[in-house]
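Trainee: Show me the folded form of this:
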Amino acid sequence: MESVGAVYSRISSHIFGDWNACGKVMGLAPWAKVWANDNEASAPFKLMEGNLLKDEGEHGCFKVNWDEIEKLPHVNKLCEKELRPFYAQLALQVQTDLEDIAL
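Mentor: Residues are numbered from 1 along each chain as shown. As a prediction, the model looks like this:
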C-alpha cells in the first residue's frame, strides 16, 4: 500500500513495536538533533519520494521505498540507549520525507 500512513505505521512498528504509535514517531523526530553523534548520519535512502499531488504512474508520483524499509536494522530495540540516536534519526527521516513530498 502506497500511503504516508502506512509508512508511519511501519516505522512506528519498527521503533516501538506498535503500528499505532505514529504520534510517538513524530515526537521522537526532534530528538535526532539532541542525540546526534558522529556515527549517526541521515538515512542513506529516502523512505518516501515523489509528489503526493501527482497521479499514480505519472512521472514523479508518490513512491514508498518498501525494499529499503524492510532492510532497516535494530527492530524494536528502543530500550537500548545506544540505539536511540538511530531511532530518532529514522523518525526525523520520515518527517523530512513527508515535508518533501507534501510541500
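Trainee: buried ones in the helix of greatest length in the chain?
Mentor: For the chain, the helix that runs over the most residues, judged by DSSP state H, is helix 84-102. For helix 84-102, the neighbour count (16 or more other C-beta atoms under 10 Å) marks 84-98, 101 as buried. (C-beta placed from N, C-alpha, C; glycine too.)
Trainee: and what of stretch 11-20?
Mentor: Using 16+ other C-beta under 10 Å as the test for burial, stretch 11-20 gives Ile11, Ser12, Ser13, His14, Ile15, Phe16.
Trainee: So the second one is in contact with Cys22, correct?
Mentor: Yes - the pair Ser12 and Cys22 qualifies as a contact (C-beta atoms under 8 Å) at a distance of 4.9 Å.
Trainee: Settle this for me: Asn65 is touching Glu49, isn't it.
Mentor: Yes - counting by C-beta under 8 Å, Asn65 touches Glu49, with 6.9 Å between them.
Trainee: Can you tell me which helix or strand of this protein has the lowest average pLDDT?
Mentor: Every helix and strand in the chain was compared by mean pLDDT, DSSP states H and E; the lowest is helix 31-35, with a mean of 91.
Trainee: Helices along this structure, start to end?
Mentor: For the chain, the helices defined by DSSP H cover 4-16, 22-28, 31-35, 66-70, 84-102.
Trainee: hey, C-alpha coordinates of the first one in CSV?
Mentor: Okay, so that is helix 4-16. Coordinates of each C-alpha in helix 4-16 appear next as CSV, following Å, rounded to 0.1, in the frame of the first residue of the first chain:
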residue,chain,number,x,y,z
VAL,A,4,2.1,8.1,4.1
GLY,A,5,0.1,6.5,6.9
ALA,A,6,1.4,3.0,6.0
VAL,A,7,5.0,4.3,6.2
TYR,A,8,4.4,5.9,9.6
SER,A,9,2.7,2.7,10.9
ARG,A,10,5.6,0.6,9.6
ILE,A,11,8.3,2.9,11.2
SER,A,12,6.2,3.0,14.4
SER,A,13,6.2,-0.8,14.5
HIS,A,14,10.0,-0.9,13.8
ILE,A,15,10.8,1.6,16.6
PHE,A,16,8.2,1.0,19.2
